[in-house]
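Trainee: just to be clear, the model below is a prediction. Sequence and coordinates:
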Amino acid sequence: MADTLAIEGRAYVKGSYRWAVNGETFPSISPVNGRELAQVASCDKADADKAVAIARKVFERGDWRELAPIKRKAVLIRFAELIEAHGDELALLDTLDMGKPISHARTVDVPATARAIRWTAEAIDKVYGELAPTPHNQIGMISREPMGVVAAIVPWNFPMIMAAWKIAPALATGNSVILKPSEKSPLTAIRLAALATEAGIPDGVFNVLPGFGHTVGKALALHMDVDCLVFTGSTNVAKQLMVYAGQSNMKRVWLEAGGKSPNIVFADAPDLKKAAAEAASAIAFNQGEVCTAGSRLLVEESVRTEFVGLIREALKTWRPGHPLDPATTCGAIVDQAQLDRIIDYIGIGQSEGAKLVEGGQRVMAETGGLFVQPTVFDGVNNRMRIASEEIFGPVLSVIGFTTAEEAIEIANDSIYGLAAAVWTSNINTAHKVAKALRAGSVWINHYDGGDMTAPFGGFKQSGNGRDKSLHAFDKYTELKATWLVLE
Ligand code: NAD
């Protein structure tokens, strides 16, 4: 399938594929083997202007917004079904485009994308407005209205899931949407657009503009007629988007940004072997290119040496392999720049005095692909750059601690606050630590739990607002208070 798959690289506006107004393209290069997969439309301001005008027009006309929630629900459920029906193709596109193992693309990314859309669609005809507690002769109605034109800018690590977390609630609440995928992984977003039309989403309601951040991304963020900008990506770009909003129309800006999540293991963890297996997965799954990667492993000193041994053992099941081999668990790094960044940080860790105990090398270079070994540094100090900066690769920093207070202090000593985990058999320690952690998600005795039913997002410089759950609707709707005084 990989050899014969027809790959679309054009933008999608008003229900059809088209090249960028300026005619420019850029190549999508596979990190699996360096092969050019497609030429992709390199959209710019002219494309943003066009797509926003169309999105605005259909919004005002009410083609989608005025449909009864039950009808929008039916269309979105059909969209989810089509994603499942095209699961092999979509999984393959993501694997070829950004290097994740095909087995994960097929069993994680595709089902999670469909679930995000289905769950949100199913909710939309079950959420009610409110009535204010008024005097007898008054009626105060509190309702939610769609924002209008939503621009969604997403990253490359989970191209479909990150898009689905935005477009599902944005579309469910009746907005028009312009999705800008990462230039490093645009292919599934482009394919999803046609599936949305096939599902019955009216033309112009869901548009996809591939291209670079500093061109089409910036144009959308500065656009005077975009009402809401939702983003997942790095903290630096997130901050820039707030500036763009302030320089333009004060559009609502919702940001899911970076992380440096602490995974805290106490000596009394219920099962140290299981904790080590999950700690390995927390840094090696998706090649460590995960915003919630458990990249700071805090281990109680009395079990630190034993635990590092267990992690090294567990990492044997996370050796890099060909992403199209169904047995592969750790795939290719998205591109050369990201691989260079990871290798640089491994060098930085060594020069900072941390002890490299596992991995540290680029491997399989002869395949033309971009692979690096999952890497473990022991004896890390939280002030080292490998412990404070987001690497976004499979590089783990092990930091020792002796008391719960010290663990909390180290864990919270970060500009980020996306996620954290705590492993202990003591219910008091578990809750005391969970309460003290400044993070949007806290996991007890496992890593990376949660579901569409739980909100996801960050404290501090990990972002604002929440994806998933009914809380996500807050981002895509304005609250209106309509007050009536009876004669
Ligand atoms: P990135 O910030 O470089 O890019 C994200 C998106 O922003 C891309 O589509 C890019 O083209 C666009 N962009 C870049 N500069 C822009 C600009 N000036 N104006 C408008 N758009 C611009 O991030 P990335 O490298 O694609 O992804 C990795 C980052 O994403 C990591 O920091 C990771 O933690 C974060 N992430 C966060 C979450 C979360 O939910 N908190 C989830 C996944 C990834």
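Mentor: The structure has been received and is ready for your questions.
Trainee: for the stretch 301-450 of the chain, which segments count as helices?
Mentor: Taking DSSP state H, counting those that start in this stretch as the test, the helices found in the stretch 301-450 of the chain are 301-314, 336-351, 385-388, 404-412, 427-436.
Trainee: angle of the first one against helix 404-412?
Mentor: This points to helix 301-314. 50 degrees (axes from the mean of the first three to the mean of the last three Cα atoms, to 10 degrees).
Trainee: quick one: contacts of helix 301-314?
Mentor: Here helix 301-314 makes contact (Cβ atoms under 8 Å, 6 or more residues apart in numbering) with 265, 267, 272-273, 275-277, 279-281, 297, 299, 357-358, 376, 378, 396, 398, 400-402. All C-beta spots, glycine's among them, are computed from the backbone N, C-alpha and C.
Trainee: turn the helices of the stretch 301-450 of the chain into JSON lines, including distance to Val40.
Mentor: Listed next are the helices of the stretch 301-450 of the chain as JSON lines, based on distance: least, Cβ to Cβ, whole Å:
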{"stretch": "helix 301-314", "distance to Val40": "38"}
{"stretch": "helix 336-351", "distance to Val40": "17"}
{"stretch": "helix 385-388", "distance to Val40": "34"}
{"stretch": "helix 404-412", "distance to Val40": "40"}
{"stretch": "helix 427-436", "distance to Val40": "43"}
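Trainee: nearest to the ligand among those would be which one?
Mentor: helix 336-351 (7.6 Å; Cβ to the nearest ligand atom).
Trainee: any idea of the mean pLDDT in that closest one?
Mentor: Average pLDDT, helix 336-351: 98.
Trainee: what's the closest non-adjacent residue to Ile102?
Mentor: Excluding the flanking residues, the one nearest Ile102 by Cβ to Cβ, 6 or more residues apart in numbering is Thr95, at 4.7 Å.
Trainee: in a strand, that's where that neighbour is, yeah?
Mentor: No: Thr95 is assigned helix when assessed by DSSP: H, G, I helix; E, B strand; the rest coil, not a strand.
Trainee: mind starting the numbering at 175 from now?
Mentor: OK, 175 is where the count begins now, so the last one is Thr269.
Trainee: show me what contacts it?
Mentor: Thr269 sits next to Val206, Pro275, Ile276, Ala279, Pro497, Leu498, Gly505 when contact means Cβ under 8 Å, 6+ apart.
Trainee: tell me the SS of the closest residue to Ala242 other than its chain neighbours?
Mentor: Sequence neighbours aside, Asp299 is the residue nearest to Ala242 in space, at 7.9 Å (criterion: Cβ to Cβ, 6+ apart). When classified by three-state DSSP, Asp299 comes out as coil.
Trainee: ok, now the one 3 residues further on?
Mentor: For Tyr302, the assignment made with three-state DSSP gives coil.
Trainee: burial of the closest residue to His260 other than its chain neighbours, as a residue count?
Mentor: Excluding the flanking residues, the one nearest His260 by Cβ to Cβ, 6+ apart is Leu369, at 6.5 Å. For Leu369, the neighbour count with other Cβ atoms under 10 Å is 21.
Trainee: how far away is Leu369 from the ligand?
Mentor: According to Cβ to the nearest ligand atom, to the nearest Å, Leu369 and the ligand sit 20 Å apart.
Trainee: surely that residue is in a strand?
Mentor: No: membership of Leu369 in a strand is not supported by three-state DSSP, which gives helix.
Trainee: where does it land on pLDDT?
Mentor: 98.
Trainee: distance of it relative to Leu256?
Mentor: Distance of Leu369 to Leu256, given as Cβ to Cβ, to the nearest Å: 4 Å.
Trainee: residues in contact with Pro205?
Mentor: With contact set as Cβ under 8 Å, 6+ apart, Pro205 has these partners: Met272, Gly273, Ala506, Ile507, Val508, Asp509, Gly543, Leu544.
Trainee: now do the third one, the pLDDT please.
Mentor: What the model reports for Ala506 is a pLDDT of 98.
Trainee: and it, how many residues sit next to it?
Mentor: Here the number of neighbours of Ala506 (other Cβ under 10 Å) works out to 31.
Trainee: my guess is Gln510 contacts Gly542, does it?
Mentor: No: using Cβ atoms under 8 Å, Gln510 is not in contact with Gly542, being 11.3 Å away.
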